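Participant: model the following, please.
(one chain, ligands or ions: 2)
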Amino acid sequence: MSLLSFEQIRTLDFIGLGRLCIDLNANEIHRPMEETRTFTKYVGGSPANITIAAARLGMKAGFIGRVSDDQHGRFITGYLRKEGIDTSSVITDRSGTVTGLAFTEILSPTECSILMYRDNVADFKLEPGDVSEAYISSAKAILISGTALAKSPSREAAFKAIELARKHKVVVFLDIDYRPYSWTSREEAGIYCGLAAEKSDVILGGREEFDLMDAVYGTAERSDRATADRWFGHHAQIVLVKHGGDGSAAFTKDGRVLTGRTFPANVVKTFGAGDSFAGAFIYGLMNGWDIGRCQEFGSASASIVVSNHSCSDAMPTAEQIQAVIDANPA
Ligand SMILES: Nc1ncnc2c1ncn2[C@@H]1O[C@H](COP(=O)(O)OP(=O)(O)OP(=O)(O)O)[C@@H](O)[C@H]1O
Ligand SMILES: O=C(O)C[C@@H](O)[C@H](O)C(=O)CO
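Facilitator: Ligands and ions are numbered 1, 2, ... in the order given. Next up is the predicted model:
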């Protein structure tokens, strides 16, 4: 029996909520950014990447967010439309905000860093009034990015979206997506992400992201098992703990524990692994697949994206992902 129940008669499969940004990935790789001269521009922002991944896999996707009233905002909206993503709830913010920029430095396949410019960004100006009940109720599932909880009024908009999703039987995915530069403290992040996690059906995060929430509520044992049990005490049906190159651990409320394997990759940059994993993992769940197959699909997707220069542009099709799995039998 499936742990998640997706309403079938819905206009959209999936709505992402949160930041729509721009990645500027250094073209001169294996060099510090001080020596970088050129960058390639991509749409970015974790929830945007995941939504693009879902659309690339054929899901009917939409997005709730704000973009800046400039060329960057128009670039992002145009890209989403080209990907077939509904942008009726992507709002142009006209208060003089800018688009968040993520400068990616690639020192080596395993040493990458992101320099974030996020002062006065449009995505944090998302307001509760931007979240339409009719729009939320038109979807089977919604993805909340933890970073959307870092600042008001985006925080209130995200919590409104979660409440409306629960009201209309829309499955809530929470990707903790902890980015320190957006929060005033780890405790703040732990508290607000914890409050959202209590209302979510599926929670995805790295070990250190779950530790953030556990620390606030004093959970002594920092084990994946203890973490999962904690969230099963609320709404969660699935807890997915990502472990980078060591794969992932999936826990289901009905007692299953599955270790996800990784696939060979010619790593260009490690970023994008989590977003590509999430998009493909969610795709599998929404197609009613067994959770082990969802993990495998997510991991294979991640191996493709870490082997590419971009995150969003590199999000693969289902055929590309399956080809990786077929070429690397368990
Ligand atoms: N170097 C790698 N090679 C192959 N697969 C990988 C690699 N790194 C991560 N993965 C796959 O991607 C999944 C998610 O990776 P990770 O745990 O790094 O997420 P993340 O920290 O959210 O990533 P991001 O850097 O995008 O924020 C892993 O569970 C694994 O399946
Ligand atoms: O989520 C961000 O703000 C950064 C992303 O745009 C970037 O693609 C990345 O780090 C993906 O993991």
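Participant: so T259: helix, strand or coil?
Facilitator: strand (DSSP: H, G, I helix; E, B strand; the rest coil).
Participant: roughly how far apart are it and ligand 1?
Facilitator: For T259, the distance to ligand 1 under the criterion CB to the nearest ligand atom, to the nearest Å works out to 10 Å. C-betas here are computed from N, CA, C, even on glycine.
Participant: phi, psi for whichever residue of the stretch 201-330 of the chain sits closest to ligand 1 please.
Facilitator: Closest approach of the stretch 201-330 of the chain to ligand 1 (CB to the nearest ligand atom) occurs at G274, with a separation of 2.0 Å. The main-chain torsion angles of G274 are listed as degrees, to the nearest 10 and equal phi -70, psi -40.
Participant: ok, and what's touching stretch 318-330?
Facilitator: Under the contact criterion CB atoms under 8 Å, 6 or more residues apart in numbering, stretch 318-330 has outside partners 57-58, 261, 263-264, 280, 283, 296-297, 300-301, 303-304.
Participant: same thing with stretch 284-299?
Facilitator: Stretch 284-299 is contacted by residues 2-4, 6, 13-14, 59, 140-141, 202, 238, 240, 247-248, 250, 252, 256, 258, 260-263, 276-281, 283, 321, 325, 330 when judged by CB under 8 Å, 6+ apart.
Participant: which residue sits closest to E208 in space, ignoring its chain neighbours?
Facilitator: Taking CB to CB, 6 or more residues apart in numbering as the measure, E208 lies nearest to Y178, with 7.5 Å between them; neighbours along the chain are not counted.
Participant: pull the contacting residues for that neighbour.
Facilitator: Contact analysis of Y178 by CB under 8 Å, 6+ apart lists 146-147, 189, 193, 205-206, 208-209, 212.
Participant: within reach of ligand 1, which of those residues are there?
Facilitator: Among the contacts of Y178, proximity to ligand 1 is found for G206 (CB under 6 Å from any ligand atom).
Participant: out of the contacts of Y178, which are inside helices?
Facilitator: Using DSSP state H, the members of those that fall within helices are 189, 193, 208-209, 212.
Participant: just the buried ones out of the contacts of stretch 318-330, please.
Facilitator: Burial of the contacts of stretch 318-330 was assessed by neighbour count (16 or more other CB atoms under 10 Å); the buried members are 57, 263, 280, 283, 296-297, 300-301, 303-304.
Participant: tell me where the model's unsure across the protein.
Facilitator: 1-2, 218-220 (pLDDT under 70).
Participant: residue boundaries of the strands in it?
Facilitator: Counting by DSSP state E, the chain has these strands, from start to end: 12-17, 21-26, 39-44, 61-68, 86-93, 101-108, 111-117, 139-145, 171-175, 202-206, 238-242, 248-252, 257-260.
Participant: how far away is A102 from ligand 2?
Facilitator: 4 Å.
Participant: what's the burial count for that residue?
Facilitator: 22 (other CB atoms under 10 Å).
Participant: just checking, it touches V121?
Facilitator: No - using CB atoms under 8 Å, A102 is not in contact with V121, being 11.1 Å away.
Participant: which neighbours do these two share?
Facilitator: What both A102 and V121 touch, as defined by CB under 8 Å, 6+ apart, is the set C21.
Participant: close to ligand 1: what parts of the stretch 151-300 of the chain are there?
Facilitator: Those residues of the stretch 151-300 of the chain that sit near ligand 1, judged by CB under 6 Å from any ligand atom, are 206, 242-245, 247-248, 260, 262-263, 265, 267, 270-275, 277, 299.
Participant: residue of this protein nearest ligand 2, please.
Facilitator: The shortest separation between the chain and ligand 2 is 2.6 Å, found at G44 (distances taken as CB to the nearest ligand atom).
Participant: residues in contact with the closest residue to S182 other than its chain neighbours?
Facilitator: When the adjacent residues along the chain are set aside, S182 lies closest to A150, with 3.9 Å between them (CB to CB, 6+ apart). Residues counted as contacts of A150 (CB under 8 Å, 6+ apart) are 124, 179, 182-183, 188-189, 192.
Participant: my guess is N49 meets D313, correct?
Facilitator: No - applying CB under 8 Å as the test, N49 and D313 come out as separate, 9.9 Å apart.
Participant: who has more neighbours, the two?
Facilitator: In this comparison of N49 against D313, neighbours counted by other CB under 10 Å, the higher total goes to N49 at 30 against 18.
Participant: check contacts around the closest residue to the more buried one other than its chain neighbours.
Facilitator: Counting by CB to CB, 6+ apart, the nearest residue to N49 once its immediate chain neighbours are dropped is D275, at 3.7 Å. Applying CB under 8 Å, 6+ apart to D275 gives the contacts 46, 49-50, 53, 305, 311.
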